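Colleague: Would you be able to build a 3D model of this:
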Amino acid sequence: MPPTPHWSPGDQVTWTYYTHQHPTRTVRPGTVVLDDDRGVVIWIAPGTEVLLPVLETGAALRRAGDEGMFTQPRRQSKQLWTGNGILMIGLPDTPYSVWLFYKDDGSLGCYYVNLETPYERTEEGVRTRDLVLDLVVLPRRDWHYKDEDELEGAERVGYFSAEEVAEIRAAGRRAEKDIEAWRYPFSAGFEHFFPDPSWPIPALPSHYTWDLDLTRR
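Modeller: Purely as a prediction, here's the structure:
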């Protein structure tokens, strides 16, 4: 199969996370900011309808604790993406993506390094598997790990094997080195990004379904 051609700025795509253990998905429609050999940059606007896995009660997965969030039954929900929007940056053949969160005044709040499998390009967008462990990087370049307790819980219940956890830790160390060297995309100036006001909010593709509509909460 030939590679998917690059998208153009303004194209609407989805960023999808899947798991091997559950049929639910996380799907975020977004607008392409940039797509070249360095990777893909996608803007997720506030107010976007997204798909998120939740517990059977409709509560967030984290409500089930560090182990239950991986073992409890899940339902597919549709929700509204809140906050000030995020810029999601996928890097080819790299076991993490970089997200930028912005404050109310438009300035950068933090970089969020989300450990995940190297992304696949599909006709619809980006597809990858979340690896639970993350790093939070502040604008002054200091950083710390996030969700180490959840990774430990995932290993205890067999969601990840010991070998997979070792690979995830190695991916974290690779991210550490890239942060310390301040490599792309940290050095690219995306902290000054502002979305084109003419971009419409993308819709979920029509083939998706959900069990719970939580957009009216």
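
Colleague: longest helix of this protein?
Modeller: Using DSSP state H, we find that the single longest helix of the chain is helix 162-181.

Colleague: next structured bit after it?
Modeller: strand 212-213 (DSSP states H and E).

Colleague: who does that following strand pair up with?
Modeller: Partners of strand 212-213 in the sheet, by DSSP bridges, are strand 74-80 (parallel).

Colleague: quick one, the longest strand seen in the chain and strand 74-80 angle?
Modeller: Longest strand in the chain, counting residues (DSSP state E): strand 26-36. With axes from the mean of the first three to the mean of the last three Cα atoms, to 10 degrees defining the directions, strand 26-36 sits at 60 degrees from strand 74-80.

Colleague: tell me the mean pLDDT for stretch 39-51?
Modeller: For stretch 39-51, the mean pLDDT works out to 98.

Colleague: buried residues in it?
Modeller: For stretch 39-51, burial by neighbour count (16 or more other Cβ atoms under 10 Å) applies to 39-45, 48-51. The C-beta positions use only the backbone N, C-alpha and C, and glycine is treated the same way.

Colleague: Next step: those restricted to strands.
Modeller: Judged by DSSP E, strands contain the following of the buried residues of stretch 39-51: 39-44, 49-51.

Colleague: With distance to residue 149 added, can I get these in JSON lines?
Modeller: Converted to JSON lines, these look like this (distance: Cβ to Cβ, whole Å):
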{"residue": "39", "distance to residue 149": "30"}
{"residue": "40", "distance to residue 149": "31"}
{"residue": "41", "distance to residue 149": "31"}
{"residue": "42", "distance to residue 149": "29"}
{"residue": "43", "distance to residue 149": "31"}
{"residue": "44", "distance to residue 149": "26"}
{"residue": "49", "distance to residue 149": "31"}
{"residue": "50", "distance to residue 149": "25"}
{"residue": "51", "distance to residue 149": "26"}
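
Colleague: Which residues belonging to stretch 146-166 are considered buried?
Modeller: Here stretch 146-166 shows 146-147, 150-151, 153-155, 159-160, 165 as buried, counting by 16+ other Cβ under 10 Å.

Colleague: Please apply the same query to stretch 10-27.
Modeller: The neighbour-count check on stretch 10-27 (16+ other Cβ under 10 Å) flags 12-17, 22, 24-27 as buried.
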